[in-house]
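Participant: no sequence on this one, just coordinates:
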């Protein structure tokens, strides 16, 4: 399947903004994980299911609560006649939707770090590889965070998401299409379209030293911004680099241009920017936008 066909296959069921679909597909190609922020009923689950179906992969959904245990996600071992039988959890699917991730207790959130970073899961002392491709898509209701009903994610977890997207309610025209498509959406709960999931690599996509320097300068600009409370970690430029390569591939190129970096910047960096309390009247997106405006774009 061509990459543009993959985007079209997801868009068949998810009728939100096309850029959200492209970033979701790019995050998968970049071997990353995706954070979806927005109100309840905005189509976040539909996007995750549509992506799983488009790649011919398996899908699992975990509804987070304050009682969700690590074993509910990762799996557990059962002792029988002196031997351990491992029961693998929903994390062992190609696309894993973790609904309302910020409702999870700290211990459960910490258990996600290994699969997100290492693509492995350790159960009863044994380490198991996750399937390829594999992506965790987590949702977060930002309204409840603002109102104090739930807590923000720990930065150690937030920083491991390659990209974030804000998912809002569809406009009236798209809502009309969604209503008409509602019965068709039930097919997303069926079997995947192909026998083996699609796996795509960006290893052949070329990134010049000039573009790499551009990425670093953007991140450094944000690190020096007096409004930012926490300096961006090294995961920030890595995520921007990988997502830029995936976006170039989606655009039919095997090389990255500055425009790819610009397109990847907000999804890769916005959720990593933590503002000082006295700057609560601006958004993390503004910090990233200021960096894009002030850092000189290299000539190609």
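Facilitator: In hand now; what should we look at? All of these numbers come straight from a predicted model, not from anything done at the bench. Residues are numbered from 1 along each chain as shown.

Participant: output the below-cut-off pLDDT ranges for the stretch 51-200 of the chain.
Facilitator: Counting by pLDDT under 70, the low-confidence segments of the stretch 51-200 of the chain come to 142-150, 175, 179-196.

Participant: 80 - rerun?
Facilitator: 80-82, 141-152, 169-199 (pLDDT under 80).

Participant: show me where it has its strands.
Facilitator: Here the stretch 51-200 of the chain has its strands, by DSSP state E, counting those that start in this stretch, at 59-63, 75-80, 83-88, 95-99, 120-123, 126-129, 135-140, 163-166.

Participant: contacting residues around the third one?
Facilitator: Surrounding strand 83-88, the residues in contact under the criterion Cβ atoms under 8 Å, 6 or more residues apart in numbering are 75-79, 121, 123-124, 126, 128. Any C-beta I mention is one placed from the backbone N, CA and C, and that applies to glycine too.

Participant: can you do 6 Å?
Facilitator: Residues from elsewhere that reach strand 83-88, judged by Cβ atoms under 6 Å, 6 or more residues apart in numbering: 75-78, 123-124.

Participant: give the ChimeraX command for selecting the buried subset of these.
Facilitator: Entered in ChimeraX, the line below selects the buried ones among those, by 16 or more other Cβ atoms under 10 Å:
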select :75,76,123
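
Participant: which single one of the contacts of strand 83-88 is nearest to residue 266?
Facilitator: Nearest to residue 266 out of the contacts of strand 83-88 is residue 75 (Cβ to Cβ; 34.9 Å).

Participant: quick check: beta-bridge partners of the closest one?
Facilitator: residue 88 (DSSP bridges).

Participant: now do the same contact list for it.
Facilitator: When contacts are counted by Cβ under 6 Å, 6+ apart, residue 75 touches 87-89, 123.

Participant: quick check on these: which are buried?
Facilitator: Applying 16+ other Cβ under 10 Å to the contacts of residue 75 flags 89, 123 as buried.

Participant: next, residue 134: phi, psi?
Facilitator: When read as degrees, to the nearest 10, the backbone of residue 134 gives phi -150, psi 130.

Participant: what is the burial count for residue 19?
Facilitator: Residue 19 has 12 neighbours, counted by other Cβ atoms under 10 Å.

Participant: okay, and it sits in which element?
Facilitator: helix 18-29 (DSSP states H and E).

Participant: so for the helix or strand following that helix, mean pLDDT?
Facilitator: Note on helix 18-29: by DSSP H and E, the next helix or strand toward the C-terminus is strand 34-37. Across strand 34-37, pLDDT averages out at 94.

Participant: contact partners of strand 34-37?
Facilitator: 24, 27, 44, 137-140, 142, 161, 163-167, 271.

Participant: which among these count as buried?
Facilitator: 24, 27, 44, 137-140, 161, 163-167, 271.

Participant: sounds good, over and out.
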